[in-house]
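K.L.:
Model the structure of this input:
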Amino acid sequence: MKSIKINTLKTYKKGEILLKQGEIAKYGYLVKKGCLKSYTVDNVGKEHIMQFAPENWMISDLDSFTNQVPSSVSIETIEDCEIFLISKSDFIDIDTFDKEVVVDIANKFRNNLIASNKRILGLLSATSEQRYIDFTETYPTLVQRLPLKLIAAYIGVTPEYLSGIRRKMAKKSEN
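P.N.:
Numbers count the residues shown, from 1 in each chain. The predicted structure follows:
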């Protein structure tokens, strides 16, 4: 049995764009250290954060990666990072790979999909306070690491409004 060759470990500085909206995704990104964000920019130039990928998460535009169509998102480093690049060719003969490796990669992609689905449901039906709680449950390691403006953008509120939510939640937990 072979293991998937994840030989390409690269380091990136904060603020580097790994995939631009409109490009074809050549890689899945497995984060060893640091954090990435995927986002889209609307017609008026507003950035909408779709997802974060801290350590041990995988991220890509799966449609672009799988079907070789233009990406609907950009992916950028938001901290200095060490990232394994996984290309489509790394998956050729996947049936010959160690089961544990395939299961691990599949679990990472599955967790990515679960987080995306929860995010969509939250945007459709949850209050901003519930979306913040969902964020803290999905990304517990990022609550203290990320700037308030990124968390606010992710849950769809202003940083000032998010500060109010956090104050309100802190008062509730004191009582």
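
K.L.:
any idea how far stretch 71-85 is from the chain center?
P.N.:
9 Å (C-alpha atoms, centre = their mean, to the nearest Å).

K.L.:
any idea of the mean pLDDT for it?
P.N.:
Across stretch 71-85, the average pLDDT comes to 96.

K.L.:
residue boundaries of the helices in this protein?
P.N.:
Here the chain has its helices, by DSSP state H, at 62-67, 99-125, 128-138, 148-155, 159-174.

K.L.:
Please identify the most buried of those helices.
P.N.:
helix 148-155 (a mean of 19; mean count of other C-beta atoms under 10 Å). Every C-beta, even on glycine, is put in place using the N, C-alpha and C of the backbone.

K.L.:
and that helix, how far out from the chain's middle?
P.N.:
On C-alpha atoms, centre = their mean, the centre of helix 148-155 falls 13 Å from that of its chain.

K.L.:
just stretch 124-141 next, same as before
P.N.:
15 Å.

K.L.:
got the CA positions of that stretch in CSV?
P.N.:
Listed next in CSV are the C-alpha coordinates belonging to stretch 124-141 (Å, rounded to 0.1, in the frame of the first residue of the first chain):
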residue,chain,number,x,y,z
LEU,A,124,-30.3,31.7,6.8
SER,A,125,-31.9,31.4,10.2
ALA,A,126,-29.8,32.2,13.2
THR,A,127,-29.4,35.4,15.2
SER,A,128,-26.1,37.1,15.1
GLU,A,129,-25.5,36.0,18.7
GLN,A,130,-26.2,32.3,17.7
ARG,A,131,-23.8,32.7,14.7
TYR,A,132,-21.1,33.9,17.1
ILE,A,133,-21.7,30.9,19.4
ASP,A,134,-21.6,28.6,16.3
PHE,A,135,-18.3,30.3,15.3
THR,A,136,-16.8,29.6,18.8
GLU,A,137,-17.9,26.0,18.6
THR,A,138,-16.6,25.4,15.1
TYR,A,139,-13.3,27.3,15.6
PRO,A,140,-12.5,27.3,19.3
THR,A,141,-8.8,27.9,18.7
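
K.L.:
tell me the pLDDT at the residue nearest in space to the middle of the chain?
P.N.:
With distances taken as C-alpha atoms, centre = their mean, the residue of the chain nearest its centroid is Phe52 (2.9 Å). We note a pLDDT of 95 for Phe52 in this prediction.

K.L.:
just to revisit the earlier point, would you tell me which of the helices of the chain gets closest to Lys32?
P.N.:
Minimum separation from Lys32 across the helices of the chain (C-beta to C-beta) falls at helix 99-125, 12.4 Å.
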